[in-house]
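> Generate coordinates for the sequence data below:
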Amino acid sequence: MVKEIAATAAQKSRLFFFSSVFVLTLFLACRIVFHVYYHTTFSHLSVKDFLRVYCGGAYFDLSALAVQNALFIVWMCIPVNAAWQKTHMRIALLLFIVFNAAGIALSVFDIAFFDFSHKRLTADIFHFGGKSDNFLTLVPAFLKNYWYLAVFFLAMVYVIRRFARNYIARFPIMPARHKAGRITGTLLTLVVWMGLMLLNFRGWLALIPISITDAGKFASAQNIPLVLNTPFTFAKSIGAQGLPNLAYYTPEATNQFYSPVHQPVKVAGNRFQKRNVVVIALESFSKEFTGNAGSAVTYTPFLDSLAKESLFFSNAWSNGKQSIQGIPAILASIPSLSDAPFTNSVYAGNNYKGLAGILRDENYYTAFFHGANNGSFNFDAFASQAGYHDYYGRSEYHNEQDYDGNWGIWDEAFLQFAGKKMSGFPQPFHTAIFTLNSHHPFAIPAKYEKQFKGDGNNPLSRAIQYTDYSLRLFFNSIRNEPWYTNTVFVFAADHTGMSNHPFYSNLAGQYQIPVLIFDPSGSIGKKEETATLSQSDIVPTLLHLLGYQKPFFALGNDIYQHPSFAVYYTNSCYNIAQGNYLYSFDGKKGIGLYNIQADSLLQRNLLNQPGDSISTGMERQLKAYLQQYTTHIRNNSMAVK
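Take a look at the predicted model:
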């Protein structure tokens, strides 16, 4: 019976293997046609880039393979008696043909639709253009204008049908003599192959399931659509919440209130200063822990001392409450204003340039440092997509003795590692360094247990002390490097942390963060800047200070050229902070207006109260910003042509 079990399992496995190879070949054919059709879009592929794109494409094809063929595999593994074999096979053929033809239909339709969206098709296609002009109404027009793609689709369906009838229907699966042997062999095949399909779907042994943003590991932002395939992006986006189609004003009026296209600044000499740029994102560094929070106690003595020598933004806000929201806002001026963080949303494959991409075009070398396990939060994929040449994580550190046992490499050790690496980089360079240890469970090295006590009521405070001390050691180690005085350092928290304070726990205080720009040469100057600044304003403001001379796209403000404000989304509401006021808006109407300066605990709602003259202007500004935000992200128009 053992031989019969093995024979049955081997025969079915052979069928599934060759069927899978056939489907993967279809995906490859669609990718090649897509590439040829848009050859001018992907015209700058080196041989190395070409291999990375197509090998990476196979990774996503395996995930789509699992989606399209899982039901076929399950059905083929259902044991039936001789009387039902013909019916059973007909249903199996139907499942194979219909699901794979549907996948090809999505891929072929996307060849036409890509011209309009410049991203792979996702489930939000059913809401394209709003309620009155959606996917279904577009199909007839597409069939008329792209009839040759319809012919290509029919040819592909014919090939699928021929394969199913000539190979699957005639595949010689000999039933075992003993019923028990046949059933056992079939169940063994089902367990093995469904396990393989599950691994395919989630991206095999990746830390977290494969997502659209993982394409950034294999290609630049421009070439990401070539890595992805449409069945994958469509399946991954089903159920995902897309951005609403907002139309509060005409496009012309919206541009008057806010525009994400930033024009060159006028500076002395009209020359871009190609200074090195180091952005240090600080995990969970709430403003509450700093000496600038109005408290007599500080847990960041080094950062406080640096703030006195810097351009310090005393009214700085985060755009979200998670690292996966804060890092894209700080480094690419892309806040997350929906339930799904931008890099996990259906728009993650959009074409955009972060600070790294902009500086890379100016011949900067760029690198991203994060001491966590590679793949954490998909920051390695984001870094590649945002324009960073290289990514340095725990894997690149090569010394597990400095592993903290939870998240990655201790901040003290990893910052020293980053400093040594930067000393070997060609100038000018831009690096992003994201600290790690001020994160639950807030562990610090054993040798500092007595040195850092923190606040007994908030364990995060002790980890903040440790990271601040690590920053001090980092600066001590680089002060004498030849590149130091030619470098601009930017510090910003990725988001705030846990708090017991009534203000830093409310709707306003839980978004208050430290932001400062430190220039050792002194050319940028040192002063307190009281204008409202959000994480997404850092890139345009920094480029202004450096005298950048080209237009660029950023979903933030250059606070020296435009009225500044901070926008964030929580509990299905949009909030805008400007000056001393905070205004909350549910997408249709205002729900709160507070004077933070006079009412820090937000106990008096000023909306529609006598003397309320500010909510109208704040709502107009917020609506214009949201309309620009949703329009450009939905339409994948996040770059200056």
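
> max-length helix in this structure?
The longest helix of the chain (DSSP state H) is helix 2-37.

> Roughly how far does the spatially closest residue to I73 that is not a sequence neighbour sit from G203?
Nearest in space to I73, with sequence neighbours left out and distances taken as C-beta to C-beta, 6 or more residues apart in numbering, is W193 at 5.2 Å. In short, each C-beta sits where N, CA and C put it, glycine included. From W193 across to G203, the span is 18 Å (C-beta to C-beta, to the nearest Å).

> which SS class is L71?
At L71 the chain is in helix, as set by DSSP: H, G, I helix; E, B strand; the rest coil.

> Which residue ranges make up the domains of this protein?
Here the domain assignment for the chain is 2-237, 251-349+368-634, based on automatic domain parsing.

> measure the last one end to end?
End-to-end span of domain 251-349+368-634 (C-alpha to C-alpha, to the nearest Å): 15 Å.

> low pLDDT regions in the stretch 451-600 of the chain?
For the stretch 451-600 of the chain, applying pLDDT under 70 flags no range at all.

> which stretches of it form strands?
487-493, 515-518, 527-529, 533-534, 552-553, 566-570, 573-578, 581-585, 590-595 (DSSP state E, counting those that start in this stretch).

> most packed of those?
Ranked by mean neighbour count, the strands of the stretch 451-600 of the chain are led by strand 533-534 with a mean of 28 (mean count of other C-beta atoms under 10 Å).

> Let me see the residues that make contact with that strand.
With C-beta atoms under 8 Å, 6 or more residues apart in numbering as the test, strand 533-534 has contacts from 313, 315-319, 329, 335, 515, 541, 556-557, 559, 564-568, 577.

> And for stretch 513-523?
Contacts with stretch 513-523, where a contact means C-beta under 8 Å, 6+ apart, come from 273, 282, 285-287, 290, 292, 300, 303, 306-307, 309-313, 316-318, 484-493, 495-496, 524-525, 533, 535, 538, 542, 545.

> Just the buried residues of those.
Among the contacts of stretch 513-523, the ones that count as buried by 16 or more other C-beta atoms under 10 Å are 282, 285-287, 290, 292, 300, 303, 306-307, 310-313, 316-318, 484, 486-493, 495-496, 524, 533, 535, 538, 542, 545.

> Could you pick out which of these are located in helices?
Using DSSP H, these in helices are 303, 306-307, 538, 542, 545.

> Distance to R31 added to the residues you listed, as a markdown table?
A markdown table is the format used below for those (distance: C-beta to C-beta, whole Å):
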| residue | distance to R31 |
| --- | --- |
| L303 | 48 |
| L306 | 50 |
| A307 | 51 |
| I538 | 37 |
| L542 | 38 |
| L545 | 43 |
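
> Need phi/psi at the nearest residue to P428 once chain neighbours are set aside.
In this structure, P428 finds its nearest non-sequential neighbour in K274, 4.5 Å apart by C-beta to C-beta, 6+ apart. Main-chain dihedrals, K274, degrees, to the nearest 10: phi -80, psi 70.

> Toward the C-terminus, what is the element adjacent to the least confident helix or strand in the chain by mean pLDDT?
Scoring the helices and strands of the chain by mean pLDDT, DSSP states H and E places helix 135-145 at the bottom, with a mean of 66. Using DSSP states H and E, the helix or strand that follows helix 135-145 in sequence is helix 147-163.

> Give me the distance from that following helix to the chain's centre.
35 Å (C-alpha atoms, centre = their mean, to the nearest Å).

> cool, stretch 310-319 as well?
23 Å.

> hmm, who's touching that stretch?
So stretch 310-319 is contacted by 287, 292, 325-326, 329, 335-337, 492-496, 511-519, 524-536, 545, 566-568, 577 (C-beta under 8 Å, 6+ apart).

> For that stretch, measure first residue to last.
End-to-end for stretch 310-319, by C-alpha to C-alpha: 22 Å.

> start the count at 30, not 1, going forward
Noted, 30 is the first residue going forward, which turns the last one into stretch 339-348.

> Rounded mean pLDDT for that stretch, please.
What stretch 339-348 shows for mean pLDDT is 97.

> Any chance of the backbone angles for the residue nearest to I102?
With angles defined as degrees, to the nearest 10, W222 sits at phi -80, psi -30.

> How confident was the prediction at it?
78.

> Could you check how far it is from S313?
44 Å.

> where do the helices sit along the stretch 280-429 of the chain?
In the stretch 280-429 of the chain, the segments counted as helices under DSSP state H, counting those that start in this stretch are 280-286, 330-336, 352-361, 384-389, 408-415, 423-426.

> To D641, which of those helices lies closest?
helix 280-286 (19.9 Å; C-beta to C-beta).

> Residues contacting the closest one, please?
277-278, 649-650, 652-654, 656-657.

> repeat that with 7 Å
Outside of helix 280-286, the residues within contact range by C-beta atoms under 7 Å, 6 or more residues apart in numbering are 649-650, 653, 656-657.

> Equivalent analysis for stretch 189-196, please.
Applying C-beta under 7 Å, 6+ apart, the external contacts of stretch 189-196 come out as 51, 122, 125-126, 129-130.

> Counting only strands, which of these make the cut?
Among the contacts of stretch 189-196, no member falls in strands (DSSP state E).

> with those residues in mind, which one is nearest to R491?
Nearest to R491, judged by C-beta to C-beta, of these is N129 at 56.1 Å.

> Test my guess that the closest one contacts L53.
No - N129 is beyond contact range of L53, at 11.0 Å (criterion: C-beta atoms under 7 Å).
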